[in-house]
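K.L.:
how would this look folded up:
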Amino acid sequence: MGGKLRAVAWFSAVELLGHPATLLLTLASAVGTLILPFFQFQRFSEDGRLARDCGLSTALLFGTLLALGGAGRLHRALRDGTCAIALAKPLSRGLWFCGNALGTALALGVYLLTQGAATILAEAYSPRYHAGGEYADVAALFGAVGAALGALALAALNDRFRGGRFALSANLLLPVALWALVPFAPGAHWGDLTALAAVAMLLAQAAAFALALAVRCPPGLTAGVTLAALAATLAYLGGAAYLPLDPLAGGGAVPVRTLLLLAPQACLATAFFLWCGVGLLNARETL
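P.N.:
Below is the predicted model of the structure:
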């Protein structure tokens, strides 16, 4: 059973990471975060705060879009009947659904690694205020963007000479290229990772919710309902805890106790949405 789950999850993650739209989304997110310090004209009382807050907010928004992409892929498999090929083997519907959910989570993890590194670098290289004025580390910012472009070049060479999938290779090389620079970034704020962990918990719930909806709803409706539910969570249900920007001020971090309190709620909600998705899938007469 475990081997079948891993196989479905791996295939789902590879398909999602190998899609050109996923690469475009990741590039727009990471490069947009990295070049933000070039256009930063407001300090907001703290060096690098704008880059950090925008980077984490972008991780939540673009991560939700990636989760919706995974839900759309599942809906297409059900609509086209391609899932029937997998289910023709001794594979239960629940296992197939959970494998797709796990694959979407793996793809989200790769994306969050890329965006997390971009956020840390953008904050570290943002304009610093000194007696003589404000200065951004322009050379380092160009170097970070160049590292991202270098990852794309390596993926292109892999595609040309080894027949690898360009989008998949690029999505896997981008976090490696950016994280290689983080240890050399002066004053890198590692506390950003604690906020990124909270964002990941909310994205896990959003992904499970979207996948459950995708069993019965078309992609447009799934996207609309998921985004509305996410907005309602952030606005009315204390969802700001999943985007904790204030605790990061002044080099701080989200307390471990806060993350430990959020984790059970996130796990229970994710498990509930997955259970609903499996139930909806089992209730379908045909696939």
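
K.L.:
Which stretches in the stretch 101-250 of the chain count as strands?
P.N.:
128-130, 133-135 (DSSP state E, counting those that start in this stretch).

K.L.:
And the average pLDDT for the first one is what?
P.N.:
The average of the pLDDT scores along strand 128-130 is 67.

K.L.:
Below-threshold pLDDT in the stretch 151-287 of the chain: ranges please.
P.N.:
Counting by pLDDT under 70, the ranges of the stretch 151-287 of the chain that qualify are 285-287.

K.L.:
Now with 50, please.
P.N.:
Within the stretch 151-287 of the chain, no stretch has pLDDT under 50.

K.L.:
how about the helices in it?
P.N.:
Assigned by DSSP state H, counting those that start in this stretch, the stretch 151-287 of the chain shows helices spanning 166-179, 192-214, 219-236, 256-283.

K.L.:
Kindly calculate the angle that the third one makes with helix 256-283.
P.N.:
With axes from the mean of the first three to the mean of the last three C-alpha atoms, to 10 degrees defining the directions, helix 219-236 sits at 150 degrees from helix 256-283.

K.L.:
Name the residues of helix 219-236 that come out as buried.
P.N.:
Using 16 or more other C-beta atoms under 10 Å as the test for burial, helix 219-236 gives 219, 222-223, 226-227, 229-230, 233-234. Every C-beta, even on glycine, is put in place using the N, C-alpha and C of the backbone.

K.L.:
Now find how far off-centre stretch 188-201 is within its chain.
P.N.:
Its chain's C-alpha centre and that of stretch 188-201 lie 12 Å apart, by C-alpha atoms, centre = their mean, to the nearest Å.

K.L.:
Stretch 174-183 too?
P.N.:
Using C-alpha atoms, centre = their mean, the offset of stretch 174-183 from its chain centre is 16 Å.

K.L.:
switch to numbering from 3
P.N.:
Done: numbering now begins at 3, and the last item shifts to stretch 176-185.

K.L.:
ok, and for that stretch, which residues are buried?
P.N.:
176-177, 179-181, 183-184.

K.L.:
repeat for stretch 66-78
P.N.:
Those would be 66-77, for stretch 66-78 by 16+ other C-beta under 10 Å.

K.L.:
likewise stretch 240-253?
P.N.:
241, 243-246, 250.

K.L.:
Please flag which of the buried residues of stretch 66-78 sit within helices.
P.N.:
Mapping the buried residues of stretch 66-78 onto helices (DSSP state H) picks out 66-77.
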